[in-house]
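need a structure here:
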Amino acid sequence: MAVAAYESMPELSGFLHSVRSGLQDFADRFREEALLQTTRELAGTVAAVEDLSRTVEQLQVIGAHALQRQNIAVAGETDRRFPWADPAPDRRDGRARRTGFRDTAEYLRARLRISRSEANRRLRLGAATLPSALMTGEEAPPKLATLGAAVAGSRISGQAATLIHDAVERVRPAAKP
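Numbering: from 1, shown residues only. Alright, predicted model coming up:
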């Protein structure tokens, strides 16, 4: 991992808001006009929507993995860039902060209104398909690099990636690398 100055991207939330707004407008129009399209146009549109959904699933896994690495369950939501790097407590009485969440999955469940099993699925998939950090600060390759590349390229769905991950984990004790 190269060390470079981090440029804050405050426009990200604005960008995502505009994408969501544009997609909502598209959904409203598509709902009204879908039956008026030719079957070729309709099939192409449905395929494009599916490709987009795989990209969104990828973003969900990346986000969950990043929150896990930032230890959100302990650090909580804060304006500090690396809350885990500064062990100083945030409370005036000197005690460590309590967020009310026992782990990242519980945080994701409450914050995103998803099931705990879905939160755990995203965390497992992120841990297996995204690079991790070594003690030296360098990136270690993902445990399942080929699967990670397929997910990153939006070539497979999150459900398919989870099935592959779980199957590999079941046979790992009996299989050679």
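
would you mind finding the longest helix in the protein?
Determined from DSSP state H, the single longest helix within the chain is helix 39-69.

for that helix, packing partners?
Helix 39-69 sits against helix 104-112, helix 116-129, helix 145-152, helix 158-171, with contacts defined as 3 or more Cβ pairs under 8 Å, 6 or more residues apart in numbering; DSSP states H and E. Yep, even glycine has a C-beta here, placed from its N, CA and C like the rest.

now do the shortest one: distance to the chain's middle.
Here the centre of mass of C-alpha atoms in helix 145-152, compared against the chain's by Cα atoms, centre = their mean, to the nearest Å, lies 14 Å away.

just the CA atoms of that helix, as PDB, please.
Output of helix 145-152 as PDB, limited to C-alpha atoms (Å, rounded to 0.1, in the frame of the first residue of the first chain):
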ATOM      1  CA  ALA A 145      -8.300 -13.200  -4.400                       C
ATOM      2  CA  THR A 146     -10.000 -14.700  -7.400                       C
ATOM      3  CA  LEU A 147     -13.400 -14.400  -5.800                       C
ATOM      4  CA  GLY A 148     -12.500 -10.800  -4.700                       C
ATOM      5  CA  ALA A 149     -11.700 -10.000  -8.400                       C
ATOM      6  CA  ALA A 150     -15.000 -11.400  -9.600                       C
ATOM      7  CA  VAL A 151     -16.900  -9.300  -6.900                       C
ATOM      8  CA  ALA A 152     -14.900  -6.200  -7.700                       C
END
